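Chemist: Starting from these lines, generate the structure:
(one chain, ligands or ions: 1)
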Amino acid sequence: MNTAEAAAPVLCHREIIALDRVGFSFGSQQVMNNVSFTAHERDFIGLIGSNGAGKTTLLRMIVGLLKPQQGEIRLFGTPIERFKDWHLIGYVPQRNQFNPLFPATVREVVLSGMYGRRKLLKRVSKEDAARADDALRTLHIENLADKRIGALSGGQQQRVFLARALINNPKLLILDEPMSGIDTETQQNFFHLLRHMHQHHNITFLMVSHDMEMVRSYLGEQPKESCGKLTFHVRHSHDLEDCAETDLLHTLRKEG
Ligand SMILES: Nc1ncnc2c1ncn2[C@@H]1O[C@H](COP(=O)(O)OP(=O)(O)OP(=O)(O)O)[C@@H](O)[C@H]1O
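Modeler: Below you'll find the predicted structure:
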């Protein structure tokens, strides 16, 4: 490291998500009003709130699936209406049971995590296929690769969505109750993976969880901010980006 690098400030306070007085209603039901919060680079945010508090609705606005009716959302400093770099964001939606006849295979669902980056559904390169195989192996679902997603159990589907979210090496990972419906061993491995990614790679997390034990143990007892029925527990990582392996999937592979 040269002197200039040594003297450089730690560049980890970049704004990743900014919510500025966001409001949303379904018909006459106001779900949230005046929600403001800023997530900085390398924050791990636990979004907590009772059932129906609006957590999923907020995540769906952040990933562009719903439009805020009041206020503004910025992603990586860009107003969401102009944001194009969706490949920087991995999203694991809340577990949904698929119709058993839903036509995509597990491999296709995992690969679809890359399509945003390519804009069009192009032919899958050897490199993409290898990455998908790696993700499938890491989450222990390689034997399910050619099955229809709708034919899997809920826990197996959850693993497929984790693999899909990780395939692009996202800078921001958004997870809606990712641990629900998966067995204890996989939960522990997965949480280890998240902690490792937070401490040793440059990734920001926004995770909805009802697991208060996990939230308190890693993110602390007290929320950093509260807005209406939503509370934000935050832990910031100042650790070095010291992991030699850039492939995010290596941790779970070693520990799994
Ligand atoms: N598509 C929809 N149409 C109408 N109302 C909806 C819709 N989606 C959610 N709601 C309502 O909006 C409110 C917030 O829902 P949301 O799913 O965001 O809550 P949540 O905090 O994620 O809850 P949970 O912890 O149960 O997952 C709830 O009252 C819900 O019934």
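Chemist: in which helix or strand would I find the residue lying closest to Val124 once chain neighbours are set aside?
Modeler: Nearest residue to Val124, sequence neighbours excluded (C-beta to C-beta, 6 or more residues apart in numbering): Leu111, at 6.1 Å. Placement of C-beta: from N, CA and C, glycine included. Using DSSP states H and E, Leu111 sits within helix 106-118.
Chemist: Return the distance of the helix or strand following that helix from the chain's centre.
Modeler: Proceeding N to C from helix 106-118, the next assigned helix or strand is helix 126-138, under DSSP H and E. Averaging C-alpha positions (C-alpha atoms, centre = their mean, to the nearest Å) puts helix 126-138 19 Å from its chain's average.
Chemist: repeat for stretch 176-186
Modeler: Remark: stretch 176-186 is offset 14 Å from the chain centroid, using C-alpha atoms, centre = their mean.
Chemist: tell me the mean pLDDT over that stretch?
Modeler: Averaged across stretch 176-186, pLDDT comes to 81.
Chemist: again, but for stretch 30-48
Modeler: 95.
Chemist: List the buried residues in it.
Modeler: By neighbour count with 16 or more other C-beta atoms under 10 Å, stretch 30-48 contains the buried residues 31-33, 35, 37, 39-48.
Chemist: if we can go back for a sec, distance check, the residue nearest to Val124 against Asp133.
Modeler: 10 Å (C-beta to C-beta, to the nearest Å).
Chemist: And for Ile149?
Modeler: Ile149 sits at a distance of 17 Å from Asp133 (criterion: C-beta to C-beta).
Chemist: These two - which one has more neighbours?
Modeler: Comparing Ile149 with Asp133 by other C-beta atoms under 10 Å, the one with more neighbours is Ile149, at 22 against 14.
Chemist: Return the backbone torsion pair for that one.
Modeler: phi -60, psi -40 (degrees, to the nearest 10).
Chemist: pretty sure it contacts Leu101?
Modeler: No: with contact taken as C-beta atoms under 8 Å, Ile149 and Leu101 are classed as non-touching, separated by 10.5 Å.
Chemist: longest helix of the protein?
Modeler: Ranked by residue count, the top helix of the chain under DSSP state H comes out as helix 184-200.
Chemist: now the strands: where do they sit in the stretch 1-150 of the chain?
Modeler: Taking DSSP state E, counting those that start in this stretch, the strands of the stretch 1-150 of the chain run over residues 15-26, 29-40, 43-48, 70-75, 78-79, 89-92.
Chemist: So is the second one next to the ligand?
Modeler: By that I understand strand 29-40. Yes: using C-beta under 6 Å from any ligand atom, strand 29-40 comes into contact with the ligand via Val31.
Chemist: what pairs with that strand, and is each one parallel or antiparallel?
Modeler: strand 15-26 (antiparallel) (DSSP bridges).
Chemist: What mean pLDDT does the partner strand get?
Modeler: Here the average pLDDT along strand 15-26 is 96.
Chemist: Just the CA atoms of that strand, as PDB, please.
Modeler: Provided in PDB are the C-alpha atoms of strand 15-26 (Å, rounded to 0.1, in the frame of the first residue of the first chain):
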ATOM      1  CA  GLU A  15     -25.400   6.100   0.300                       C
ATOM      2  CA  ILE A  16     -26.900   2.900  -1.000                       C
ATOM      3  CA  ILE A  17     -30.600   3.300  -0.200                       C
ATOM      4  CA  ALA A  18     -32.300   6.600   0.700                       C
ATOM      5  CA  LEU A  19     -35.900   6.700   1.700                       C
ATOM      6  CA  ASP A  20     -37.200  10.200   1.900                       C
ATOM      7  CA  ARG A  21     -40.700  10.600   3.400                       C
ATOM      8  CA  VAL A  22     -42.000   7.500   1.600                       C
ATOM      9  CA  GLY A  23     -45.700   6.800   1.800                       C
ATOM     10  CA  PHE A  24     -47.900   4.000   0.400                       C
ATOM     11  CA  SER A  25     -51.500   2.900   0.600                       C
ATOM     12  CA  PHE A  26     -53.500   0.000  -0.800                       C
END
